[in-house]
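Colleague: Okay, predicted coordinates and the sequence, questions at the end:
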Amino acid sequence: MKEMKYDVVVVGAGIAGPIVARNVAKSGFSVLLIDKKPAIGTPKQCAEGISIKVFDKYDIPYDRRFINREIYGAKLYSPSGYELELRYKEASGVILERKVFDKMLAYYAAKAGADVLARTEALDVIKKNGKVVGIKAKHEDEPVEIYADVVVAADGVESTIARKAGINTYAPPHEFDSSYEYEMLIEGFDPDMIHLWFGNEIAPRGYVWVFPKDEDRANVGIGINSDNPKTAKYYLDKWLRENNIPAKKLLEINVGVVPVGGFVKDLVKDNVLVVGDAARQVNPMHGGGMAEAMEAGTIASKWIVKALEEENLELLKNYTTEWWETDGKRLEKVLKVRRVTEKLTDEDLDLFIQILSGADAEKIAGGDYGEVIKALLKHPKVLLSPRRITLLKELL
Ligand SMILES: Cc1cc2nc3c(=O)[nH]c(=O)nc-3n(C[C@H](O)[C@H](O)[C@H](O)COP(=O)(O)OP(=O)(O)OC[C@H]3O[C@@H](n4cnc5c(N)ncnc54)[C@H](O)[C@@H]3O)c2cc1C
């Protein structure tokens, strides 16, 4: 049996894992980043949209190799077809090529000093006297034992490593969205904007998205509640049919699950940390989790470095505390908003988008949500409905 020894082993080279591996390696500690995929990043399970701010914030090069196009805002469509356009003067986001992006993040980790092994699957944790001392893995079908002072579970939504280490990552099916997506040829949509369709018959609890790539290629997908009796594919195909969009030029079919119902409480157990989707650190409103994985990875790596420098693994617990005080607090608020918006009827959605497509669009584009809710509350059709007033007040 082959054995290896590192200061830190990171399981999963999606978004969170390489950020942790890069940051820890930069501080001079030995790190191994592993992923079960033979080609890191492939296949993708993502619509590939991300805020433009993340590049500066997380020190990631703005590299055209993984940026398909810049996005200048969003178009929202109500169930009856009212439209709300939120267009910015500057690019607000980008559509990535995640197959390249994930691989480049792992490359940055390698450049910073981490070892990286593709086609290496973590199977279990190794325990001695009840404490995790490493992981059992399979590298190109050969068994390997990787010993490490710190183990990081960045193994995505289906994470097993954190659970095997004794971290409670359980959530019921209702707390997940099922997603189905075609990367396909599609025409007729402004490729500078992302497009989102809402409605209880269109996408229960979620939305249909068109995230443009090039001029006539896009990720066209849907997310719905996982415990829905019908599948996400059923709703996506129905939407395509109803919009006369032929599903005949499908370049990829991506299926995935998104945790949208709350976050893992204890992110650390002794010397094991859980980050990203594995810790359900996803924006519960829109299901995006790349920026959240970067933020969690940044906080986690900061405490790993401190713990190793001071030879005090107790310091790792500060990752849980800091995450909950910062991003956790923010995402809890977003979760509250999601739970309120779940109660909106199609008539509410039609009305709100209709009202907002007027004067207040500029305020939303500026991110002034409080003002937007106040504006909605002034509308006569809202004032006449105690239910709508209650829902909107919950959002304030
Ligand atoms: C259809 C869909 C669309 C999405 N669209 C967007 C979007 O537009 N924008 C956005 O921000 N987010 C989006 N998301 C969410 C986003 O993809 C995730 O939040 C993000 O990838 C989380 O990063 P992560 O590093 O935590 O996990 P992942 O990116 O899932 O990475 C986990 C890695 O761990 C590896 N792994 C798993 N188990 C093991 C093991 N036992 N051993 C070794 N390796 C292992 C996997 O191969 C994988 O590479 C979408 C998700 C889906 C499903």
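Modeller: Okay, I see it.
Colleague: Now stretch 65-73: average pLDDT?
Modeller: Across stretch 65-73, the average pLDDT comes to 97.
Colleague: would you list every one of the helices in the stretch 201-350 of the chain?
Modeller: 232-242, 290-309, 317-323, 329-341, 346-356 (DSSP state H, counting those that start in this stretch).
Colleague: Using neighbour counts, pick out the buried residues of the longest one.
Modeller: Neighbour-count burial for helix 290-309, with 16 or more other Cβ atoms under 10 Å as criterion, is recorded at 290-305, 307-308. (C-beta placed from N, C-alpha, C; glycine too.)
Colleague: The third one too?
Modeller: By neighbour count with 16+ other Cβ under 10 Å, helix 317-323 contains the buried residues 317-320, 322-323.
Colleague: Go back to the buried residues of helix 290-309 and keep what's next to the ligand.
Modeller: Among the buried residues of helix 290-309, proximity to the ligand is found for 290-291, 293 (Cβ under 6 Å from any ligand atom).
Colleague: Tabulate the helices of the stretch 201-350 of the chain (a markdown table), appending mean pLDDT.
Modeller: Output for the helices of the stretch 201-350 of the chain, formatted as a markdown table (pLDDT from 0 to 100):
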| stretch | mean pLDDT |
| --- | --- |
| helix 232-242 | 98 |
| helix 290-309 | 98 |
| helix 317-323 | 98 |
| helix 329-341 | 91 |
| helix 346-356 | 90 |
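Colleague: Quick one: those helices as a markdown table, columns for distance to residue 22 too.
Modeller: Compiled in a markdown table, those are given as follows (distance: least, Cβ to Cβ, whole Å):
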| stretch | distance to residue 22 |
| --- | --- |
| helix 232-242 | 33 |
| helix 290-309 | 8 |
| helix 317-323 | 17 |
| helix 329-341 | 23 |
| helix 346-356 | 40 |
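Colleague: Out of those, flag the one nearest residue 160.
Modeller: Each of the helices of the stretch 201-350 of the chain was scored for nearness to residue 160 using Cβ to Cβ, and the closest is helix 290-309 (17.6 Å).
Colleague: what packs against that closest one?
Modeller: If contacts are counted by 3 or more Cβ pairs under 8 Å, 6 or more residues apart in numbering; DSSP states H and E, helix 290-309 sits against strand 2-11, helix 16-26, strand 49-51, helix 54-57, strand 142-153, helix 317-323.
Colleague: how distant is that helix from the center of its chain?
Modeller: 16 Å (Cα atoms, centre = their mean, to the nearest Å).
Colleague: For it, C-alpha coordinates in PDB please.
Modeller: The C-alpha trace of helix 290-309 is given here as PDB (Å, rounded to 0.1, in the frame of the first residue of the first chain):
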ATOM      1  CA  MET A 290     -19.200  29.500  -6.700                       C
ATOM      2  CA  ALA A 291     -18.700  32.800  -4.900                       C
ATOM      3  CA  GLU A 292     -19.800  31.300  -1.700                       C
ATOM      4  CA  ALA A 293     -17.400  28.400  -2.100                       C
ATOM      5  CA  MET A 294     -14.600  31.000  -2.700                       C
ATOM      6  CA  GLU A 295     -15.500  32.900   0.400                       C
ATOM      7  CA  ALA A 296     -15.700  29.800   2.600                       C
ATOM      8  CA  GLY A 297     -12.500  28.500   1.100                       C
ATOM      9  CA  THR A 298     -10.800  31.800   1.900                       C
ATOM     10  CA  ILE A 299     -11.900  31.900   5.500                       C
ATOM     11  CA  ALA A 300     -11.100  28.200   6.000                       C
ATOM     12  CA  SER A 301      -7.600  28.500   4.600                       C
ATOM     13  CA  LYS A 302      -6.900  31.500   6.800                       C
ATOM     14  CA  TRP A 303      -7.600  29.500   9.900                       C
ATOM     15  CA  ILE A 304      -5.800  26.400   8.600                       C
ATOM     16  CA  VAL A 305      -2.600  28.500   8.100                       C
ATOM     17  CA  LYS A 306      -3.000  30.100  11.600                       C
ATOM     18  CA  ALA A 307      -3.600  26.700  13.200                       C
ATOM     19  CA  LEU A 308      -0.500  25.200  11.500                       C
ATOM     20  CA  GLU A 309       1.700  28.200  12.200                       C
END
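Colleague: ok, back up a step: so for residue 135, which of the helices of the stretch 201-350 of the chain sits nearest?
Modeller: Between residue 135 and those, the shortest gap by Cβ to Cβ is with helix 290-309, which sits at 15.9 Å.
Colleague: That closest one to strand 142-153, inter-axis angle?
Modeller: With axes from the mean of the first three to the mean of the last three Cα atoms, to 10 degrees as the basis, helix 290-309 and strand 142-153 are set at 100 degrees to each other.
Colleague: got the angle between helix 290-309 and strand 2-11?
Modeller: Going by the same axes, to 10 degrees, helix 290-309 makes 130 degrees with strand 2-11.
Colleague: Is it correct that residue 127 is in contact with residue 134?
Modeller: No. Proximity of residue 127 to residue 134 does not meet the contact threshold set by Cβ atoms under 8 Å, at 9.1 Å.
Colleague: Neighbour count: these two, which is higher?
Modeller: Set residue 127 next to residue 134 and count neighbours by other Cβ atoms under 10 Å: residue 134 wins out with 23 against 13.
Colleague: Can you name the residues bridging to that one?
Modeller: Note on residue 134: beta-bridge partners by DSSP bridges are residue 126, residue 147.
Colleague: Residue 374 - nearest residue in space that isn't next to it in sequence?
Modeller: Counting by Cβ to Cβ, 6 or more residues apart in numbering, residue 396 is the residue found nearest to residue 374 once chain neighbours are left out, at 7.7 Å.
Colleague: who's in contact with the one you found?
Modeller: 370, 373-374 (Cβ atoms under 8 Å, 6 or more residues apart in numbering).
Colleague: ditto for residue 264
Modeller: With Cβ under 8 Å, 6+ apart, residue 264 has these contacts: 162, 167-169, 274, 278-281.
Colleague: Pull out the buried residues from those residues.
Modeller: The neighbour-count criterion (16+ other Cβ under 10 Å) marks 162, 167, 169, 274, 278-281 among the contacts of residue 264 as buried.
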